[in-house]
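**Q** Please work out how this folds:
(2 chains)
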2 protein chains.
Amino acid sequence: MEHQSNKLIFKRLGIHTQHEHFAYMREDCDVCVSEGFEALTRIRITKGHKSIVASLNVIRSEILKPGEVSLSESAIQSLGIKEGETITVSHLHPITSLSYVRSKIYGNILSSTELKEIVQDVVKGNYSNIHLSAFITACAGNRMETEEITSLTEAMISSGQRIRWNSNMIVDKHCIGGLPGNRTTPIIVSIVTAFGLTMPKTSSHAITSPAGTADTMGVLTEVNLTIEQIKKVVEKEGGCIAWGGAARLSPTDDILNKVEKALDIDSEGQLIASVLSKKVAAGSNHVIIDMPVGETAKIRSIDAANELKVKMEKVAHTIGLKLKVVITDGTQPVGKGIGPTLEARDILAVLRKEPNAPADLKERALLLAGELLELSGKVDFGDGNDKARHILESGKAYEKFMAICKAQGRFDEPTLAKYQHKIKAGHSGTVVRVDNRKLAKIAKLAGAPDDKASGVDFLTPLGTRIEKGQVLYVIHAESEGEMIYALEYYHSQKDILTIQ
Amino acid sequence: MEHQSNKLIFKRLGIHTQHEHFAYMREDCDVCVSEGFEALTRIRITKGHKSIVASLNVIRSEILKPGEVSLSESAIQSLGIKEGETITVSHLHPITSLSYVRSKIYGNILSSTELKEIVQDVVKGNYSNIHLSAFITACAGNRMETEEITSLTEAMISSGQRIRWNSNMIVDKHCIGGLPGNRTTPIIVSIVTAFGLTMPKTSSHAITSPAGTADTMGVLTEVNLTIEQIKKVVEKEGGCIAWGGAARLSPTDDILNKVEKALDIDSEGQLIASVLSKKVAAGSNHVIIDMPVGETAKIRSIDAANELKVKMEKVAHTIGLKLKVVITDGTQPVGKGIGPTLEARDILAVLRKEPNAPADLKERALLLAGELLELSGKVDFGDGNDKARHILESGKAYEKFMAICKAQGRFDEPTLAKYQHKIKAGHSGTVVRVDNRKLAKIAKLAGAPDDKASGVDFLTPLGTRIEKGQVLYVIHAESEGEMIYALEYYHSQKDILTIQ
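**A** Alright, predicted model coming up:
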């Protein structure tokens, strides 16, 4: 099966293509000629007993010499290869699980075994972006049965590492995204761990929003922790606020997220599987879900929220997770800041009990922290909110937060962006409607989340009485180019805020 | 909007990535740093008044010097740029039509305007493979309404060139694929044009099969003709058998086909739009559709065939095409050869009236040619088949075929592959079932259609009485590696032929 002519010398070209593995081969190399490779072909690359699948790009220039092959950086990492070493290139055996993806495209229900095989192939990098996109699309738009979501969740759990804790009770919370500035997590972790519960919180980077908790916390402290580092922090402080992907808790999810981001969609089934698999992989067994509902939030109606709640609680129950979904208001951003740095500033203001701290962010964090205290059974029903408030007001939550940051490696005060532009009211009236999506889009166009300090500072919540010329919100950007870009979008849009 | 720092010098690296445009930029270049570009980002590349969208790959090596940028070959061609010229790189404005793709993913019906915008963006190269895959997947599995298929057809027609002919009546035929070896087209064109009708046949390369008519004809003559060249051939001979894509008759189709091939799926709506748009763009107005039905053909049941027939005739009627669908037998391959060269050999045998010419291929060609003669109104109903047979038997069809090949640029006799392997019967009995898909897969694994002479020679049609050890079919391969690969698949499968 293995031919001598299929051996090529590896040369590094330093090409970064993210998760999709690429191989670069000369058009005139023996392997291309004898095996009939062409562009868009998927091939197998083997070094020793390690083997990966890569998309072929054909080279017609002298950046590769005869007998040389190159690989994208992700492929180099997976294969663990060094310049000058020899690899073997061969035709790809048909990937069986792709026939299950096709079956799903045609509307069939996938079995647990089929979903497991798909997930295993995704993690191995056996799918090209074309295949990943087809799988995501075929599952989106409510096309997954609850049984399929359960199977996908279980497959995703077993595809990554799983943390075991010394404590029997591990609490957690998650927000079903879509609400700008809704950064309650760091406050909740601080309160709940100050109370004495164990809350090893792992979060994700933004998929389609201007910031995820991992982006925001990354401003204040180190979030790229290994499982060993997370364990040390939690052992010391009872909690952490780290990036889940670095711990490889659900590697499938990280790959699927990149393609979902490119498509700008979230699939319901993959959303449930993503959230629950990360909770279980992180060792959690008591979980609160914050589900904001609003016209321009991710979940637009109470009916849709209840449908998702039922499915999510059903899947959670099947996999043995104690889970409560709390439906919350999603009609406008939470706090002032939208974007990692601005949100980090708001969190600190609440924890430090600053007079201008956003009250809505504070109350929301207390609501959810209270629910979590009650779900744990350590606080009587009805007493959770008061208990949480007491811990915050006493300063113990702030103390705990700073201790967690230091345990994670550093604490930095947030620094605002270089460029700021105030958006002012064209007429007077009252704010009656906020388009969360458009505000989030401005924050994204200004550079968030990749540019940490970019974003929007939203100053006039629903019901605010506005005078003509009053500042409604401030756009922050780290580069002039992105400020121009965000403003261009602002000028092209109507009804970002509706003032009547 | 345009910053000086966004200007970079173009350097060619000779990287072929097929239709998806890629841009290669240094991680440390001003543009990457100031604009915050990262991998999987889509960016806009502008040179003068020409502009394209490309996927960004980040370079961390010295293959690019500071201030340099490179592009994939498809992007170079679209932009018409030469080494050393300056280009401008900028953030990509959101592509509006992608929101229609998302809408389709969530099950909504797309309007004519929306589909037109999608098609325009596809043709411009504004979609990455991730987007193309999502669009194809969202439309597959019977998720397009007849109105959407009509709109898609019209959008695809207007996205490419359209040929006008001097003659009022232009006839055509098309086979809804999936039946190995069903290569009647060249015979039909020869008969019908010898009769005096105008039949400028444009065909496609294989999407998921071992050969398309363009692949098979490419063995015998030049098929990559420009519209001007096609016109000259048709003016002289009354017909041609050329590749439709070279004439850019439906450029959308060529791009979508590559992704469909990678996914190994055919979407019904895109299938109808693809076929009809090419017919109309080629200027046809009288069309026969050959629709083979069989357990392992593309269309598996008469019910499914009738459903597709009704939709296709409805769309054809709406866009003003006289079209008749002929449902045919699809239970086994047609002729002996499966793969470009082997099929080309069979076609010549029928046209040359050789004694061992496959009778089934001949009779099928006569049936369809007869239907086409009758559809034209120039031959009375009931007389078509006799008329077609007379033209074939007289040698006029062969004469015409050779004239067309020469007018297209060359005629080459087919040359068989270097490696051949006979598959023999393990026991005696009668052939009662043929798995077309598995036979086709063997031909593909052996290298077809890219390796022209690779494929399968199928010798024992349904009902053949078999002795143990008798040769059932012969695998042909141009390389040893692919022969091994095809045989490996053969050994892993049961019931390719069922002998009882």
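**Q** Residue ranges of each domain in chain A, please.
**A** A:4-91, A:97-159, A:171-244+A:282-408, A:419-499 (automatic domain parsing).
**Q** Mean neighbour count and mean pLDDT for those - can I get that in JSON lines?
**A** Quick note: C-beta positions are derived from backbone N, CA and C, even for glycine. Rendered in JSON lines, the data for the domains of chain A read as follows (neighbours: other C-beta atoms under 10 Å in any protein chain shown; pLDDT from 0 to 100):
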{"stretch": "domain A:4-91", "mean neighbour count": "19", "mean pLDDT": "87"}
{"stretch": "domain A:97-159", "mean neighbour count": "22", "mean pLDDT": "95"}
{"stretch": "domain A:171-244+A:282-408", "mean neighbour count": "22", "mean pLDDT": "94"}
{"stretch": "domain A:419-499", "mean neighbour count": "19", "mean pLDDT": "94"}
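**Q** I'd like to know which of those domains is closest to chain B.
**A** domain A:4-91 (2.8 Å; C-beta to the nearest C-beta).
**Q** Which of the domains of chain A sits closest to residue B:228?
**A** domain A:4-91 (28.1 Å; C-beta to C-beta).
**Q** mind listing the helices in the stretch 51-200 of chain A by residue range?
**A** Secondary structure of the stretch 51-200 of chain A (DSSP state H, counting those that start in this stretch): helices located at A:73-79, A:97-105, A:112-124, A:129-139, A:146-159, A:185-195.
**Q** The shortest one - contacts with which helices or strands?
**A** By that I understand helix A:73-79. strand A:15-16, strand A:42-47, strand A:50-59 (3 or more C-beta pairs under 8 Å, 6 or more residues apart in numbering or on different chains; DSSP states H and E).
**Q** Enumerate every residue touching residue A:489.
**A** Neighbour list for residue A:489: A:441, A:442, A:445 [criterion: C-beta atoms under 8 Å, 6 or more residues apart in numbering or on different chains].
**Q** Swap in 10 Å and give it another go.
**A** When the contact criterion is C-beta atoms under 10 Å, 6 or more residues apart in numbering or on different chains, the partners of residue A:489 are A:438, A:441, A:442, A:444, A:445, A:446, A:496, B:93, B:94.
**Q** where does the residue nearest to the fourth one when sequence neighbours are not counted fall, phi/psi-wise?
**A** Leaving aside its chain neighbours, residue A:444 sits nearest to residue A:210 (5.0 Å; criterion: C-beta to C-beta, 6 or more residues apart in numbering or on different chains). The phi and psi values for residue A:210, taken as degrees, to the nearest 10, are phi -70, psi -20.
**Q** Residue A:210 is in contact with residue A:182, isn't it?
**A** No - contact criterion C-beta atoms under 10 Å: residue A:210 and residue A:182 do not qualify, at 11.3 Å.
**Q** which residues are common contacts for the two?
**A** In contact with both residue A:210 and residue A:182: A:338, A:343, using C-beta under 10 Å, 6+ apart.
**Q** Can you lay out the helices and strands packed on helix A:73-79 as JSON lines showing distance to chain B?
**A** Formatted as JSON lines, these follow (distance: least, C-beta to the nearest C-beta, whole Å):
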{"stretch": "strand A:15-16", "distance to chain B": "4"}
{"stretch": "strand A:42-47", "distance to chain B": "8"}
{"stretch": "strand A:50-59", "distance to chain B": "4"}
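**Q** With distance to residue B:333 added, can I get those in a markdown table?
**A** Shown next, in a markdown table, are these (distance: least, C-beta to C-beta, whole Å):
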| stretch | distance to residue B:333 |
| --- | --- |
| strand A:15-16 | 43 |
| strand A:42-47 | 27 |
| strand A:50-59 | 30 |
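**Q** Chain B contacts on the stretch 251-400 of chain A?
**A** A:258, A:259, A:260, A:261, A:262, A:263, A:264, A:265, A:267 (C-beta under 10 Å from any C-beta of the partner chain).
**Q** can you give me the helices in the stretch 251-400 of chain A?
**A** A:251-263, A:268-281, A:302-318, A:340-351, A:359-375, A:384-393, A:396-408.
**Q** Dump those helices to TSV, plus distance to residue B:409.
**A** Below are the helices of the stretch 251-400 of chain A laid out as TSV (distance: least, C-beta to C-beta, whole Å):
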stretch	distance to residue B:409
helix A:251-263	43
helix A:268-281	52
helix A:302-318	61
helix A:340-351	62
helix A:359-375	73
helix A:384-393	82
helix A:396-408	70
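**Q** Would you check that residue A:500 makes contact with residue A:425?
**A** No - using C-beta under 10 Å, residue A:500 is not in contact with residue A:425; the gap is 11.7 Å.
**Q** Name the residues contacting each of the two.
**A** What both residue A:500 and residue A:425 touch, as defined by C-beta under 10 Å, 6+ apart, is the set A:431, A:466.
**Q** To residue A:366, which of the helices and strands packed on helix A:73-79 lies closest?
**A** strand A:15-16 (43.2 Å).
**Q** Can you give me the distance of residue A:362 to residue B:78?
**A** 53 Å (C-beta to C-beta, to the nearest Å).
**Q** now residue A:294, nearest residue through space, not along the chain?
**A** residue A:330 (3.4 Å).
**Q** got the contact list for the one you found?
**A** A:175-176, A:178-179, A:182, A:290-300, A:305, A:436.
**Q** Could you give the backbone dihedrals for residue A:14?
**A** phi 70, psi 40.
**Q** From residue A:63, how far off is it?
**A** From residue A:14 to residue A:63 the distance is 11 Å (C-beta to C-beta).
**Q** any common contacting residues for these two?
**A** A:70, B:61, B:63.
**Q** on that earlier part again, quick one: which of the helices of the stretch 251-400 of chain A is nearest residue A:216?
**A** helix A:340-351 (4.5 Å).
**Q** tell me which parts of the stretch 401-500 of chain A are close to chain B?
**A** Counting by C-beta under 10 Å from any C-beta, the stretch 401-500 of chain A sits next to chain B at A:441, A:444-445, A:447-448, A:450-451, A:454, A:477-482, A:484-485, A:488-489, A:492.
**Q** Could I get the buried residue list for stretch A:243-263?
**A** For stretch A:243-263, burial by neighbour count (16 or more other C-beta atoms under 10 Å in any protein chain shown) applies to A:243-247, A:249-263.
**Q** about what we covered before: quick one, which of the helices of the stretch 251-400 of chain A is nearest to residue A:237?
**A** Nearest to residue A:237, of those and by C-beta to C-beta, is helix A:396-408 at 5.0 Å.
**Q** Show me what that closest one is packed against.
**A** helix A:185-195, helix A:213-220, helix A:227-237, strand A:239-243, helix A:340-351, helix A:384-393 (3 or more C-beta pairs under 10 Å, 6 or more residues apart in numbering or on different chains; DSSP states H and E).
**Q** Compute the inter-axis angle for that helix and helix A:340-351.
**A** 140 degrees (axes from the mean of the first three to the mean of the last three C-alpha atoms, to 10 degrees).
**Q** Could you point out the helix or strand that follows helix A:396-408?
**A** strand A:419-424 (DSSP states H and E).
**Q** and the closest residue in space to residue A:470 that isn't next to it in sequence, backbone torsions?
**A** Spatial nearest neighbour of residue A:470, excluding adjacent residues (C-beta to C-beta, 6+ apart): residue A:425 at 4.9 Å. Dihedral angles phi and psi of residue A:425 (degrees, to the nearest 10) take the values phi -70, psi 130.
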